[in-house]
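Novice: I'd like to go over a predicted model; first the sequence, then the structure.
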Amino acid sequence: SPQCQAALHVLLIDLFGHEDFREGQLGAIIRALAGRDTAVMLPTGTGKSLIFQIAGLLRPGLTIAVDPLVSLIDDQSRGLIDQGISRVAKLHSDSLRGSDGERLLASVGRGDALFAFLTPERLQTVKFRTQFETVAEKVLVNLAIVDEAHCVSEWGHDFRTAYLNVGRNLRKY
């Protein structure tokens, strides 16, 4: 609707500081907000992340983003924090070690995070899947996105075999 599009434009300007959506962004956001599976194929640097960030902010619950690299997880997290969105959890081997990791997952389980970023391999570990299942029982997962999925199609399944199980693991846990 025109009112929905106008509201999304206000959010885009006020929160993210962009004057207008780029080609393909608005339609993808609207599909994600409607709960429809959405595949977005845009060149690097054209705002794919903005799509799941806006949709994740507007849907109640936690947005799970699967990224292939810890450095990308750090970049995505920093980008949200720079926009004033501090409720972000980086779920990778460094952040999940020991008691700090237990506290981080407990925080996510309480609904303290709006966004959680993890690598596909994180979903392969039994301990994390068990912990994540507990989180998902308490917190609504509003979106599950696979970032940089083109890496698999371009470089084949041997690139990161953990990607073969991402869809199944996200649906199950």
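Specialist: Good, I have the coordinates. Quantities reported herein were computed from a predicted structural model and do not represent experimental measurements. Numbers count the residues shown, from 1 in each chain.
Novice: chain center to stretch 89-96: distance?
Specialist: Centre-to-centre, stretch 89-96 and its host chain are 14 Å apart (CA atoms, centre = their mean, to the nearest Å).
Novice: how long is that stretch end to end?
Specialist: Criterion CA to CA, to the nearest Å; first-to-last residue distance in stretch 89-96 is 10 Å.
Novice: dump the residue contacts of the residue nearest to residue 141 when sequence neighbours are not counted.
Specialist: Closest residue to residue 141 apart from its sequence neighbours, by CB to CB, 6 or more residues apart in numbering: residue 62 at 5.3 Å. The way it works is simple: take the backbone N, C-alpha and C, and place the C-beta from them, glycine included. Neighbouring residues of residue 62 by CB atoms under 8 Å, 6 or more residues apart in numbering: 108, 111, 113-116, 135, 139-142.
Novice: now list the buried members of these.
Specialist: Buried by 16 or more other CB atoms under 10 Å: 108, 113-116, 135, 139, 141-142, out of the contacts of residue 62.
Novice: export the residues you listed to CSV and tack on distance to residue 23?
Specialist: What follows is the buried ones among the contacts of residue 62, written out as CSV (distance: CB to CB, whole Å):
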residue, distance to residue 23
108, 34
113, 31
114, 27
115, 25
116, 29
135, 36
139, 34
141, 29
142, 25
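Novice: re earlier: tell me the one of the contacts of residue 62 nearest residue 5?
Specialist: residue 142 (20.5 Å; CB to CB).
Novice: quick check, that closest one in contact with residue 59.
Specialist: Yes. Contact criterion CB atoms under 8 Å: residue 142 and residue 59 qualify, at 3.8 Å.
Novice: quick one on the thing from earlier: which of the buried ones among the contacts of residue 62 scores worst on pLDDT?
Specialist: The weakest per-residue confidence within the buried ones among the contacts of residue 62 falls on residue 135 (84).
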